[in-house]
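J.: Structure for the following, please:
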Amino acid sequence: MKIKKKVLMIFLIVFFVVSSIFFPFDTLQKMQDEMFVTVEELNNLIKDNWIMSPSIINVSAKDNSDFDKYIINYKLFNLFNIKKLKVNVLQPDRYFAGGETLGFSLQSKGVILIGGNYILSKNGIERPFENSGLKTGDIITHIDDKEINNVDDIAEILKDFSGDSVKLNVKRGGQKFEIYIKPALDTMTNEYKLGLWVKEDAVGIGTLSFVNATTKRFGSLGHSINDSETNECIDVSGGNIYESKILGIKKGKSGKAGELLGTFNKENVLGSIDKNCEFGVYGFVDDVEKMIVNKTSIDVGGRLTAKPGKAQILSALDEDEIKSYDIEIIKTNFQSSCNEKSMVIRVTDKELIAKTGGIVQGMSGSPIIQDGKLIGAVTHVFVNDATKGFGIYIDWMIEQ
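T.: As a prediction, this is how the structure comes out:
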């Protein structure tokens, strides 16, 4: 019995040693259902070997302009099923890395409450906002079941007011609820008003990550644009991107993030926004050729390609000229679901450190290039060390 156990132990040791040579088990472990991979990564995953024989089936006839669906079935010695995966293989479209700063204007779904004021009525001063249960930062999406997206929508609905109160549908954090509030008749204008100060859009500066010249789809920032009052992601009904100009740089230092100081003109529209989520701001460019002028298409590398080591980021700091700056990828994180903190990076470029101190606000979205491939984008800076920050894998962004 002891001899049999020893033989079994020797067999298992030999098996795992040989297996580790012929097959990358760590890569197999990283593979998740419905993950996005490039054609090159797919080819690397299905290389035939005598340890695990992968078979592949195309289960879609390119029913999506961005990717095909495949099933990979791994078998031990071509006999026993080990793992079955569904993968989305990105089409070899023409991708272009960004680096230029953009202006963003987001139209929220609903209006964002920023305060309240009084109304002079025949009964004196009235303040409908007080004791209503509303708080600054609340998002009002409907009044009496009618959708609102701007101040004019509110005024239009109140034109027909004839009852005792109106119903507001409100979003606060992850909660949705209803609040009833009584409008007051303004004696100056003879119009019913709620006495609420609201805003209907949010603006900011950020960096373009990529453009898909085939579909005109762009991705930027690598994280969401949040409301300044609540710091929550703004659910958008639309928006635009604009040409931006950097006016100056506030250097980052320990305990305080730096910032790119810029401006943009809303007449110089470059494209439209349809999505704002924790992985960036997305939409479609109006003129692809204008967006990719003087650019060279680049291969895309997903999370299976990114690795610790030297890399570069692209950013426009000097008169809107895009330059490449050296960084080091310190760590790549295993992620089974989307996360904007996919990798830890450190700026090593002396020129960039001298200009900005490292990573500053406004550089979010700067493309990360490794071995000539677009693998990710900058998302966050470490407040206590401006030379360090986080990046997101580019396939998380392309998936959006």
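J.: List the contacts of Ile327.
T.: Going by Cβ atoms under 8 Å, 6 or more residues apart in numbering, Ile327 touches Lys310, Ala311, Gln312, Ile313, Ile345, Arg346, Val347, Thr348, Asp349, Ile368. Bear in mind the C-beta positions are built from the backbone N, C-alpha and C, glycine included.
J.: element containing it, please.
T.: Ile327 is part of strand 321-332 when elements are defined by DSSP states H and E.
J.: which strands and helices sit next to the very next helix or strand once past that strand?
T.: Downstream of strand 321-332, the next assigned helix or strand under DSSP H and E is strand 343-347. Helices and strands touching strand 343-347, as assessed by 3 or more Cβ pairs under 8 Å, 6 or more residues apart in numbering; DSSP states H and E, comprise strand 309-318, strand 321-332, strand 385-393.
J.: I'd like to know which of the ones you listed lies nearest to Gly137.
T.: Closest approach to Gly137 among the helices and strands packed on strand 343-347 (Cβ to Cβ): strand 385-393, 25.8 Å.
J.: Which positions in stretch 356-372 come out as buried?
T.: By neighbour count with 16 or more other Cβ atoms under 10 Å, stretch 356-372 contains the buried residues 356-370.
J.: start to end distance for that stretch?
T.: Its start and end residues considered, stretch 356-372 measures 25 Å (Cα to Cα, to the nearest Å).
J.: now it: how far from the chain's centre is it?
T.: Between the centre of stretch 356-372 and the centre of its chain there are 15 Å (Cα atoms, centre = their mean, to the nearest Å).
J.: Quick check: what element follows the helix or strand hosting Lys355 along the chain?
T.: Using DSSP H and E, Lys355 sits within helix 350-356. Per DSSP H and E, helix 350-356 leads on to strand 367-370 as the next helix or strand towards the C-terminus.
J.: for the record, mean pLDDT for that following strand?
T.: Averaging the model's pLDDT scores along strand 367-370 yields 96.
J.: neighbouring contacts of it?
T.: Residues contacting strand 367-370 (Cβ under 8 Å, 6+ apart): 97-99, 209-210, 298, 301, 305-307, 309-314, 324, 327, 329, 343, 345, 374-378, 391, 394.
J.: where's Leu247, which helix or strand?
T.: strand 236-250.
J.: Find the residue closest to Ile246 in space, skipping its chain neighbours.
T.: Using Cβ to Cβ, 6 or more residues apart in numbering and skipping the chain neighbours, the partner closest in space to Ile246 is Gly262 (4.7 Å).
J.: quick one: secondary structure of that neighbour?
T.: For Gly262, the secondary structure call by DSSP: H, G, I helix; E, B strand; the rest coil comes out as strand.
J.: hmm, back to that, what angle sits between the strand holding Ile327 and strand 385-393?
T.: For strand 321-332 and strand 385-393, the angle between their directions (axes from the mean of the first three to the mean of the last three Cα atoms, to 10 degrees) works out to 80 degrees.
J.: between the buried residues of stretch 356-372, which is nearest Ile292?
T.: Pro367 (13.1 Å).
J.: Can you get me a residue count around the nearest residue to that closest one once chain neighbours are set aside?
T.: Using Cβ to Cβ, 6+ apart and skipping residues adjacent in sequence, the residue nearest Pro367 is Ala97, 4.1 Å away. Counted with other Cβ atoms under 10 Å, the neighbours of Ala97 add up to 26.
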